[in-house]
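S.K.: quick one, what's the 3D model for this:
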Amino acid sequence: MNRHRVVVSGIGVVTPIGIGREDFWEEGLLAGRNGISRITLFDPSEFRSQMAGEVKGFHAEEWIDRKIARRMDRFTHFALVAADLAMKDAGLDVFPFDGCRAGVIIGSGIGGTQALERSHAELLAKGPRSVGPFVVSKVLINTAACMVSITHGLKGPLSAPSVACSTGSNAIGDAYRILERGDADIMLAGGTEASVSPLPFAGFCATRAMSARNDDVERASRPFDKNRDGFVMGEGAGVVVLERLDHALERNAPVYAELAGYGNTADAFHLTAPEPEGDGMVRVMREALRDAGVAVSDIGYINAHGTSTVLNDKIESAAVMKVFGDHARRLKISSIKSMIGHLLAASGAVEFAATVLSVSTGRIPPTINYEQPDPDCPLDYVTEGAESIELGAAMSQSFGFGGGNACLVVKSYE
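M.R.: Got it, this is the predicted structure:
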């Protein structure tokens, strides 16, 4: 089969450190801005963990028609804004394209949890007649992808994966496969999540996977640091415009980088814990490298999953060493979760966007809050501010609850 080359031509993000590519990148990641603070979306005083990466100052009505916004949950608001920013960044707001050859794959892990909580409270207090007609569409995970499709007239492939923390990366990888086969010209892909609300937050607290550093919230997310004690939840969305290279060149589109490889594996081990030997992580990295046709020595940077949990950071570091051998010590590695928290289903998409920008600009964002090295994590985690490096290829990887692993290889466009 003739494989079409696929490039990234648009980036849209909604994050705790900035909305839109420029704020997110220049003023956010490269500056080492911290987006973690005590929760304001609800009273966290009775919760084991009391901090999160919130998208502060976000008012849907400033971006979306008020009537439409009222019929959707916050996770869909985020997706619509990120998609609109990506479309404009790619010039697709002014360039006529064939809607039947353009599709959407945007996933979520938890969906409209805030709408679900409100509607359930109304049901208990006032009975079933109090529940509005839009509660189902507010809650459904596929609403975000569907609303992006409807808003922009994208009539091609439509999907909404839900693979926990690897969802965003899976969505981008699946869209890449569609374009690679030539089944579409343009795909919008990514993930969205708005789960900083009492029910899912209480559930994650019960797993004891989240940091309880409530007296030092700004430094709670500390990937690869010896004193890490759990992840910090975040919210937001990441959407990228992927195009077949020939289509992008035909319309003289901006090209950030080339998406060259995708791997997808399962641990088949446990619903929450990673496989102790990192087998699934090792296989997914090797699969992505093989798909991209690049050697381990070609990779200069890894945007790590780097959750700040004891097990993930240790096992991920060991998996990188297994795959890259001696070259592992020369790799630059960072986790932007140190700044934005763990955006769950949106994390892979936002981190992919950061990886693309690293390859495009030759800048690597730092891992902030790193203070004490861990002997189990002996690699170069870029801890002293942003670094400049000439990158031919980089990797973004995501590992989710349930054992889902996804890895994307990005190459400098030539």
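S.K.: buried set for stretch 368-387?
M.R.: By 16 or more other Cβ atoms under 10 Å, the buried positions in stretch 368-387 come out as 368-370, 374, 377, 379, 381-383, 386-387. Placement of C-beta: from N, CA and C, glycine included.
S.K.: tabulate these (TSV), appending pLDDT and distance to Arg244.
M.R.: Shown next, in TSV, are the buried residues of stretch 368-387 (pLDDT from 0 to 100; distance: Cβ to Cβ, whole Å):
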residue	pLDDT	distance to Arg244
Ile368	98	37
Asn369	98	40
Tyr370	98	40
Asp374	98	43
Cys377	98	39
Leu379	98	35
Tyr381	98	35
Val382	98	33
Thr383	97	38
Ala386	98	32
Glu387	98	33
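S.K.: closest one of these to Phe399?
M.R.: Of all the buried residues of stretch 368-387, Cys377 has the smallest distance to Phe399: 15.2 Å, by Cβ to Cβ.
S.K.: beta partners for the closest one?
M.R.: Per DSSP bridges, the residues bridged to Cys377 are Asp374.
S.K.: that one contacts Ser317, doesn't it?
M.R.: Yes - the pair Cys377 / Ser317 is scored as a contact, 4.4 Å apart, by Cβ atoms under 8 Å.
S.K.: what two of the buried residues of stretch 368-387 are the furthest from one another?
M.R.: So, the buried residues of stretch 368-387 by Cβ to Cβ: farthest apart are Asp374 and Ala386, at 22.1 Å.
S.K.: ok, back up a step: in CSV, list the buried residues of stretch 368-387 along with secondary structure.
M.R.: What follows is the buried residues of stretch 368-387, written out as CSV (DSSP: H, G, I helix; E, B strand; the rest coil):
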residue, secondary structure
Ile368, coil
Asn369, coil
Tyr370, coil
Asp374, strand
Cys377, strand
Leu379, coil
Tyr381, coil
Val382, coil
Thr383, coil
Ala386, coil
Glu387, strand
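S.K.: what about the closest residue to Pro378 other than its chain neighbours, how many neighbours?
M.R.: Among residues not flanking Pro378 along the chain, Ser317 sits closest, at 7.0 Å (Cβ to Cβ, 6 or more residues apart in numbering). Burial of Ser317 is recorded as 22 neighbouring residues (other Cβ atoms under 10 Å).
S.K.: so Ser317 makes contact with Asp380?
M.R.: No - Ser317 is beyond contact range of Asp380, at 10.8 Å (criterion: Cβ under 8 Å).
S.K.: contact partners for Ser308?
M.R.: 211, 220-225, 228-232, 335, 337-338, 342 (Cβ atoms under 8 Å, 6 or more residues apart in numbering).
S.K.: again, only using 7 Å
M.R.: 211, 221-223, 228, 230-232, 337 (Cβ atoms under 7 Å, 6 or more residues apart in numbering).
S.K.: what of Leu41?
M.R.: So Leu41 contacts 54, 196-197 (Cβ under 7 Å, 6+ apart).
S.K.: distance of it from Val55?
M.R.: In this view, Leu41 and Val55 are 10 Å apart by Cβ to Cβ, to the nearest Å.
S.K.: pLDDT weak spots in the protein?
M.R.: 1 (pLDDT under 70).
S.K.: any idea how it splits into domains?
M.R.: Domain assignment for the chain by automatic domain parsing gives 7-250, 262-411.
S.K.: which element, helix or strand, includes Leu188?
M.R.: Using DSSP states H and E, Leu188 sits within strand 186-193.
S.K.: tell me which residues of that strand are tucked away?
M.R.: 186-193.
S.K.: the strands in the stretch 151-300 of the chain, which residues?
M.R.: 158-159, 186-193, 236-244, 257-266, 299-303 (DSSP state E, counting those that start in this stretch).
S.K.: ok, which of the ones you listed comes nearest Val139?
M.R.: Checked against Cβ to Cβ, the stretch from these lying closest is strand 186-193, at 13.6 Å.
S.K.: what's the closest one packed up against?
M.R.: helix 74-89, strand 102-107, helix 167-181, strand 236-244, helix 347-361 (3 or more Cβ pairs under 7 Å, 6 or more residues apart in numbering; DSSP states H and E).
S.K.: and of those, who's closest to Glu26?
M.R.: The nearest among the helices and strands packed on strand 186-193, by Cβ to Cβ, is helix 347-361 at 9.4 Å.
S.K.: report the beta-bridge partners for Asn264.
M.R.: According to DSSP bridges, beta-bridge pairing links Asn264 with Ala406.
S.K.: what sits against it?
M.R.: 170, 173, 284, 406.
S.K.: ok, now how distant is the second one from Ala189?
M.R.: So the one you mean is Gly173. For Gly173 relative to Ala189 (Cβ to Cβ), the value is 8 Å.
S.K.: my read: Phe78 touches Gly238, true?
M.R.: No - using Cβ atoms under 7 Å, Phe78 is not in contact with Gly238, being 9.3 Å away.
S.K.: and stretch 289-300, how far apart are its ends?
M.R.: 13 Å (Cα to Cα, to the nearest Å).
S.K.: show me what counts as buried in it.
M.R.: 289, 291-292, 294, 296, 298-300.
S.K.: stretch 276-284 too?
M.R.: Those would be 278-284, for stretch 276-284 by 16+ other Cβ under 10 Å.
S.K.: what pairs with Ile105 across the strands?
M.R.: Ser159, Ala189.
S.K.: that one against Ser159, yeah?
M.R.: Yes - at 4.6 Å, Ile105 counts as touching Ser159 under the criterion of Cβ under 7 Å.
S.K.: of these two, which one has the most company?
M.R.: Ile105 (28 against 18).
S.K.: pull the contacting residues for the more buried one.
M.R.: Ile105 touches 145, 159, 161, 171, 174-175, 187, 189, counting by Cβ under 7 Å, 6+ apart.
S.K.: now swap in Arg38 and tell me
M.R.: With Cβ under 7 Å, 6+ apart, Arg38 has these contacts: 44, 50-51, 217.
S.K.: rewinding a little: distance to Ser37 added to the contacts of Asn264, as JSON lines?
M.R.: Putting these into JSON lines (distance: Cβ to Cβ, whole Å) gives the following:
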{"residue": "Asn170", "distance to Ser37": "30"}
{"residue": "Gly173", "distance to Ser37": "32"}
{"residue": "Val284", "distance to Ser37": "33"}
{"residue": "Ala406", "distance to Ser37": "29"}
